[in-house]
Each structure stands twice: as structure tokens, then as C-alpha cells.
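Q: Quick one, what's the 3D model for this:
(chains A and B)
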Amino acid sequence: MTTMTDPPQGTFRLSMLINDTRYRSYTFQFIALIVLIAALAYLMSNLFANLAAAGLNISYNFLGEPAGYDVQQTLIEYTSQSTHLRAAWVGIINTLLVAFMACVTATILGVIAGVLRLSKNWLVSKLMSAYVEAFRNVPVLVWILVINTVVISMPAPRAYRGETPDAEMLFGLIAYTNRGIYIPAPTFGPGAWLVVLVFLASIAGIFFLRRYAVKQLFDHGRVVKTFWPSVGIFFVPTLLAYFVMGSPIGVDIPALAGFNFQGGTQIGRPLIALWLALSIYTGAFIAENVRAGIQAVNKGQTEAASSLGLRPGRVMNLVVLPQALRVIIPPLISQFLNITKNSSLAIAVGYADVTATLGGITLNQTGRAIECILLLMAFYLTISLLISAVMNVYNKSVSLKER
Amino acid sequence: MSDTHAHAVAFVRTDQLPQQAPPVTAAGPVKWVRENLFSNIPYSILTLVAIYCIYAILSGFLPWLFGGVWDTNNIRECREVLDGAPGGCFSVLTERWNQLIFGIAYDRAEYWRPTLAFVLLFVAVAPVLFNKLPSQMLIFTGLYPFVAFYLIWGGTIFAPIMALLGFVMGYLVYSRLVASSFAAGFFGGVAAAAITWWIGGFVVGAITPEQTFLEAVPSRDIGGFMLNMILGVVCVSLSLPIGIALALGRQSDMPIIKWICVVFIEFVRGVPLITLLFVANVVLAYFLPPGTNFDLILRVIIMITMFSAAYIAEVIRGGLAALPRGQYEAADSLGLDYAQAMRLIILPQALKISIPGIVNVAVGLFKDTVLVSVISMFDLVGMIRGPILSSTDWNGVYWELWAFAILLFFVVCYGISQYSQWLERQLATDHR
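A: From the prediction side, this is the model:
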């Protein structure tokens, strides 16, 4: 900015700190730093004065003490005698569980709704706009509570009792009650690991077959059929292993015993409410992202691909989708982040996520508000920084290579 | 040519055939239905599925809505009136209307206060939203926060007057000093306002009368949808200037200021709002001077404002980054200093680009105000879950209450997003 006239050489005067653009930024930064340090010092001195007045200190020893409360749904072993740290882990795993489940279903729902909203079918596209607008414009907490109410008004387990029960299990396999949904669970006998291993190996085999087919196509122009071989690899080795090992994998179907269902896997009411609400709510946002992404692909691209003689399916797969995904995926990842953060609303329906265990019961029992909330924030910050890191890597890998 | 042709063949029609109507299947509603609903087999199946979905929803919803009962005093009376027929107990809305909307803060005779504040809100935001209105109305917009505060909280009228006086003094000093430099004007104005408030604090304390015209209302009694509106409006308006400052700070060349802003923004965006509300509820008090007692609403407003400011800052940063480099250089080449360039050239364009994003944040923020129910404040959702559903009179009336909450939020949020689309069309200056 000062290249038009040579800056006056020579002595440095104190007023230049304010009036000279070369030095003024240092003055501002210095003032900002001083203000920041003063503010932090003031807050910290208040903190220590308050803690001293209340006879408290900052200590994380409470994490090693027994928690003394029960948690409904746990994926790892936990009893009320476990430590607060263990309870926090239970919460973290529950948070990740519901976030993962909701991410998967929200993506499926969002992609379907987004594509259908662009469909030429007037009724369907209007129906999808209604879905998107209705769910985007109402707080997710309200949806969580509404779906919780829906689950509560499902039949109680006793409705399944008697000669002519009021409710019947879906396909004889799935029981939906106001305490949650009971689904069949796989049971693993001896030798089951071999079947699983064979299954994983056949998945890998399909993957390599596809890669081989693409390589043949690109290098030699030969088309290798992959569909039926894939189906074969998918089913045959696994089934063979299954019968050779003597059917080691069974299914445990939930059955009414006493006042409640036994067997199978129980998905508790709070988890269902939270999972469905987060999926449907975020699905509406993802639908908008998908629609924007598809619309962002220039119409000329589709026309050019068609004029090259590609069939509509290939136009979608080879031309439109790769370009649309570049637009869709970054907002999609930030929606995943939103799901993770919104899962903290679990506390409203009593799902034991990390906010409910560490930030709720542990905080109330121990009174260690500052420590608990610091740990809670650290957890969410770690997750969100990890996800942003993933997003940055992705953005770098797909960014247009401009020359 | 045509003559010879006419003689060469046996018959050539010489007059034009009258136009015929297109076939029934190629015009009118039939054509529309065929093209838009049943153009091929998959679409036909989709249409039928959609029709079934709509039927299933409406067949449950309409009898419930139109068979509803609106004037009973509790759920037992309502169930007697309904007598097994499908219908909603909407009388919970009429009976608890005031509680749902205003909380428990006011006497029956004083509901005009929040109602008036609500009506005046539209008068106040109208000149901001629609720039065709006379700009003199902006004066009222400036006065509105103090009027609304007085109407809603009541108490001594000198408190809002002193607050207003502080702003007036600050503005006077600013307009005096801004001619020399923006920074001097800004900091001078802040100092003048602070001094006025400091002196005003003593004055208000000294002259507070025993009887006030409007009865003072304790903050903890304020609730219902009014609390959502208060939090939404206050936090959005406060977070806009803070967000702009943060965005400019993040774009700044000065590393220390830049890093302060980056750390703040990324920290706030990385944690869920609910943890910040926990901070407001249980932790913030530790960081205040011993003995001070902050109002819970004020603490919540501080945290929500911080939260939305970080999001708005990111939106505005996007707008600043989208502005062509030439705009910055043009401003520099005109000899404008930083404050002038930002105020006159950069921000007007950057803010225009960011309008859709800002509105998204505002809608999201308004929806997020219901989270205060988790820290046991009685906003609309807290009011429904707490006092109403746990009362013996209305225990079990879920759907009517949730439908009411959904309707209120939908109307407000959808209205805001429609306004933003209208504004985008208004501000589109590129000729396409």
C-alpha cells in the first residue's frame, strides 16, 4: 500500500505505533493479547476464589470411584459398582452407536428423498417437499419427543399374552413393545469364526474380481462379466462353510416369558426414539444436499454423455454421480457431525449417551461440574476435529486439479 | 407449378381442414395426469404408493382434527364428550393457552404487555426486512429493545431509559470522533456508553420508586413460546455484529487476532449447544466475581449468542471469501482505510452473498432455543413436558400438544425461510 511514496527513512517515533500502517498492526495485536490475558486472568482468579469459598478443588479422582447407578442399554460390561470412568465409556460407546446407526439410515433416507424430489412424478416430488419442509422447520428435540411418544403408545408386552393376543409379532420374528423392539439375534456356536472368515474372504474376492474386470477393460478392452460370478462368490463358499462346519450360526428369536420378552436383541425405547428422530430429521437435510448436488451438475454433461452413446444408467454412474458426489459429500459429512452433536439430546428421552452419563448423572452425583463438562467438551471436540480432518483429506483428494 | 399439379391428379383439396380438438388423452387434465403421474410403470407404482401414504395419513389425521373437543376443563371431561369417537382434546390448548404462550409470569389482566411487545416486534423489524418502508421507522427499531424490555420485565422505567441514554451518549461521542478515525470513534463511543451506564446504575438505584407502573416480573417465571421468541430474537440480533467481527478477525492479516478468532469459532462449533447450556447452568457462575448472581436467562443468552455468533462468522467468512479479489484491491486503490473499505465496499456485498446462510443459522438457532428445556427452563417444550403433561388434568394429552408445538415452529421457521428466498430475489442485481 505504501509503494507510491518511499516511506520516510530514519528515526522511529512512538506516534508511528498508532499512525503508521506498518507498525499499527503490532499495536493492535499487542492490545488484543493484553486484553485477552487480562480477561482470562480475571476469569481464572474468580474461578479460584469461588472454588476456595466453596471448599472445592479441581480433581479427576472421582472418575475412579464407583458410579452407583445403572444404565439401561450397554454394549460393554457395566454394573452399578463400575467406576464413573467406565460409565463415561459406556456413554461414549452409546453415543457412537446411535450416531453411526442414524448416519446410515439418514443417508439412505436422504438420498431416496432427494432423488424422488427431483422426479418428474408430480405427486411424489410434492410429497417429498412436504417431508423435507416439515422436518427441517421443526426442532429436532420436538421430533425426538414425538417419536418417543409414538414408541410409548405401542402395545405393552402383556398385549402379546393369552390365546387371542391384542398384538402379534411381525413375521413371528420381531416384537415391538413400548419397552423397545425385540429382534432376532445371531448366536455363534463353535466353528462360527470360520464361516465369518470365509464370508469376509468372499467379499474381498468380489472386490478383487471387480478390480480385475476394470483393469481388463482399461488395458485390453475386454469386457469381463462380473454380475453372476459375484453372486456366486457371495453365496457359495459361505454356505459351503456353514454346512461343512455343521450349522454353527443360529438365530435366537425373542419369545414372551413371564412379563417380558426374553432372547433376541432388545433395542430400548430411548434408542429407537433417538435413532429414528435423528435419521428422519437429518434425512430431510441430506435430501436437500443431494438435490443441490444433482442439480449442480451441468445439463450439458448429461447431454454430452448421451451423445457419446452411453446408456442412461451409465450416464448416471460414470458422468453425473462422480460430479454430484463432489458437491454432496462435504455437506454430507457435516451432517454426520450434526448427528453426532444432536445425539446429545438423548438426555431428553433417557438414553444413556455420554451427555447423560458423564454430563448428567455423574455430574449431579459428584458435583464436579467443571471437570465433567470439560471432559464432555473434549470428547465432542475430538470427534468434530477428527471429522473435519477426514473432510479436509477428502476435499484435497477430489479438488479440481487446475493448471 | 401448383396449377399443373392440380390438373395432373384427380383430386386435390383446395380449402383447409378445420382445426380439430386434440385427442382427450393428449390435452387437459388427462394429459397432465398421464405425463406427471402415470408416465410409465415404475412411476405409476410410485404414484399409487404415494396416494396410499396420503390416504393413510389423512384418514387418521382429519377425523382427529375435525372431531376435536375445544371447550372442556380436563382430560376426563374431554373423554366423556368424545365418548370413544376419534377426535383430539384440543381443549388443552384453549385451557392452557396463556401458560403455553406466556409462561406463568403475568396476571390475567397483564397479558396485554407481552402481546403488545409481540405486535410491536413486527413494527420494529419491518423497516429492517423491507427497505421500501420509510427509513424514519428505523428510529422505532432502535427504541424497540428498550420498550420491549420494559413491557416484558416491567419494574422501574428508569433502567431501560438509562440503558438507552448510554447508547445515545455512545453514539454522540462516536459521531464526533469518527471523522478523525473509525477506531477512535468506536472506542470513544464504547467508553462514553460505559461511563453513562456506570453513573446510571447509581441514579436508578437512588430514584427507584416503591410503586412501579408495570409490575416487575421475575425472569424465572417467563416461559412458554414467548421465551423461545425472546431467546431467538435477542440472540440472532446480538450474534450478527459479533459474527461479523469474528469473521473479519479470522480473515485478518494479524496472526494473534486471527488465531483468537479461529480457536473461538472452532471450539464453539465443535461442541453441542447442550454442553454450552450446561456451562450456562452450572459452570458459568464459577467464573463470575464471588457474590454476583446472574439471571439464568441472561446466562443462557450469553451462551446461545456465542454459539450462533460462531456459526454466523463461518457463513460470513464464506461470503468474504467468495468476493472477487478485485473488490478489495479497488477499495485500496481508492485510498479507503480498512474500516471504510469494509463498511462501504466489502461488507455490503459479502453480507448479501451470505443472506441464505445467515437465515439458515437464524432458523437453526430459533429451533435450538427449545434446548433450554433440558436445563429446566419452561419454554414451550419445557412447559408441555413439565407442568402440563404432569398435571392431573391433562396427563396423557400428547398429540394435541406436540401438534401445537410443531405448528408454531413450522409457521415461524417456514416464514423466515420464505422471506429469505424473497430477499434473495430482491437483491439479485446480476441480470440473468
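
Q: Touching, A:Ser230 and A:Leu209? I think so.
A: Yes - with contact defined as C-beta atoms under 8 Å, A:Ser230 and A:Leu209 form a contacting pair (6.4 Å). C-betas here are computed from N, CA, C, even on glycine.

Q: Could I get the CA-only coordinates of stretch A:198-211 as CSV?
A: C-alpha atoms of stretch A:198-211 as CSV (Å, rounded to 0.1, in the frame of the first residue of the first chain):
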residue,chain,number,x,y,z
VAL,A,198,-15.0,-67.3,4.7
PHE,A,199,-17.7,-64.7,4.3
LEU,A,200,-15.2,-61.8,4.7
ALA,A,201,-12.8,-63.5,2.3
SER,A,202,-15.6,-63.9,-0.4
ILE,A,203,-16.4,-60.2,0.0
ALA,A,204,-12.7,-59.4,-0.7
GLY,A,205,-12.8,-61.8,-3.6
ILE,A,206,-15.7,-59.9,-5.2
PHE,A,207,-13.8,-56.7,-4.7
PHE,A,208,-10.7,-58.1,-6.5
LEU,A,209,-12.9,-59.6,-9.3
ARG,A,210,-14.3,-56.1,-10.0
ARG,A,211,-10.9,-54.6,-10.0
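
Q: What is the helix or strand hosting A:Leu276 packed up against?
A: For A:Leu276, the enclosing helix or strand under DSSP states H and E is helix A:269-296. For helix A:269-296, the packing partners by 3 or more C-beta pairs under 8 Å, 6 or more residues apart in numbering or on different chains; DSSP states H and E come out as helix A:84-117, helix A:122-136, helix A:140-152, strand A:180-183, helix A:321-342.

Q: need the ones you listed in CSV with mean neighbour count and mean pLDDT, can you?
A: Supplementary listing: the helices and strands packed on helix A:269-296 in CSV, determined by neighbours: other C-beta atoms under 10 Å in any protein chain shown; pLDDT from 0 to 100:
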stretch, mean neighbour count, mean pLDDT
helix A:84-117, 21, 91
helix A:122-136, 18, 91
helix A:140-152, 21, 90
strand A:180-183, 22, 80
helix A:321-342, 19, 88
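
Q: Any regions of the stretch 151-300 of chain A where pLDDT drops low?
A: Per-residue confidence of the stretch 151-300 of chain A (counting by pLDDT under 70) places the weak regions at A:161-164, A:166-168, A:170, A:172, A:258-259.

Q: Flag every residue of the stretch 151-300 of chain A that's near chain B.
A: Residues of the stretch 151-300 of chain A lying near chain B by C-beta under 8 Å from any C-beta of the partner chain: A:Ser153.

Q: what are the ranges of the helices in the stretch 151-300 of chain A?
A: Counting by DSSP state H, counting those that start in this stretch, residue ranges of the helices within the stretch 151-300 of chain A are A:192-220, A:227-244, A:269-296, A:299-307.

Q: which of the residues in the last one are buried?
A: In this case it means helix A:299-307. Within helix A:299-307, the residues that qualify as buried are A:Thr302, A:Ala305, counting by 16 or more other C-beta atoms under 10 Å in any protein chain shown.

Q: just to revisit the earlier point, from the helices of the stretch 151-300 of chain A, which stretch is densest packed?
A: With neighbours defined by mean count of other C-beta atoms under 10 Å in any protein chain shown, none of the helices of the stretch 151-300 of chain A is more surrounded on average than helix A:269-296, at a mean of 23.

Q: how's the chain carved up into domains?
A: I went with chain A, as the question did not name one. Each domain of chain A is listed here as a residue range: A:16-54, A:84-184+A:253-398, A:189-249, per automatic domain parsing.

Q: not quite, I wanted chain B
A: Looking at automatic domain parsing, the domains of chain B come to B:24-64, B:159-211, B:218-427.

Q: close to chain A, is the shortest one?
A: Yes - on the criterion C-beta under 8 Å from any C-beta, domain B:24-64 is in touch with chain A at B:Glu35, B:Asn36, B:Leu37, B:Ser39, B:Tyr43, B:Leu46, B:Thr47, B:Ala50, B:Ile51, B:Cys53, B:Ile54.

Q: Between all of those, which two are separated the most?
A: B:Glu35 and B:Cys53 (21.5 Å; C-beta to C-beta).

Q: check contacts around the nearest residue to A:Gln81 once chain neighbours are set aside.
A: The spatially closest residue to A:Gln81, leaving aside those adjacent along the chain, is A:Pro66, at 5.2 Å (C-beta to C-beta, 6 or more residues apart in numbering or on different chains). Under the criterion of C-beta atoms under 8 Å, 6 or more residues apart in numbering or on different chains, the contact partners of A:Pro66 comprise A:Ser80, A:Gln81, A:Ser82, A:Thr83, A:His84.

Q: phi, psi of the residue lying closest to the first one once chain neighbours are set aside?
A: Spelled out, it's A:Ser80. The shortest distance from A:Ser80 to any residue other than its chain neighbours is 5.0 Å, reached at A:Asp70 (C-beta to C-beta, 6+ apart). Dihedral angles of A:Asp70 (phi, psi; degrees, to the nearest 10) stand at phi -90, psi 150.

Q: any idea how far A:Gly91 is from A:Asp70?
A: Here A:Asp70 is placed at a distance of 13 Å from A:Gly91 (C-beta to C-beta, to the nearest Å).

Q: Now do A:Arg211 against chain B, distance only.
A: 32 Å (C-beta to the nearest C-beta, to the nearest Å).

Q: How much space separates that residue from A:Ile203?
A: From A:Arg211 over to A:Ile203 the distance is 13 Å, taken as C-beta to C-beta.

Q: To B:Asn360, which of the helices of the stretch 151-300 of chain A lies closest?
A: The stretch from those with the least distance to B:Asn360 (C-beta to C-beta) is helix A:269-296; that distance is 10.0 Å.

Q: any idea of the angle the closest one forms with helix A:122-136?
A: Direction vectors for helix A:269-296 and helix A:122-136, defined by axes from the mean of the first three to the mean of the last three C-alpha atoms, to 10 degrees, enclose an angle of 120 degrees.

Q: How far away from the center of its chain is helix A:269-296?
A: The chain centroid and the centroid of helix A:269-296 are separated by 11 Å under C-alpha atoms, centre = their mean, to the nearest Å.

Q: Distance check, the closest residue to A:Leu217 other than its chain neighbours against chain B.
A: Counting by C-beta to C-beta, 6+ apart, A:Val223 is the residue found nearest to A:Leu217 once chain neighbours are left out, at 6.1 Å. Distance check for A:Val223 against chain B: by C-beta to the nearest C-beta, it reads 28 Å.

Q: contacting residues for A:Val223?
A: When the contact criterion is C-beta under 8 Å, 6+ apart, the partners of A:Val223 are A:Ala213, A:Gln216, A:Leu217.

Q: How about A:Gly360?
A: Shown here is A:Gly360, whose contacts under the criterion C-beta under 8 Å, 6+ apart are A:Ile347.
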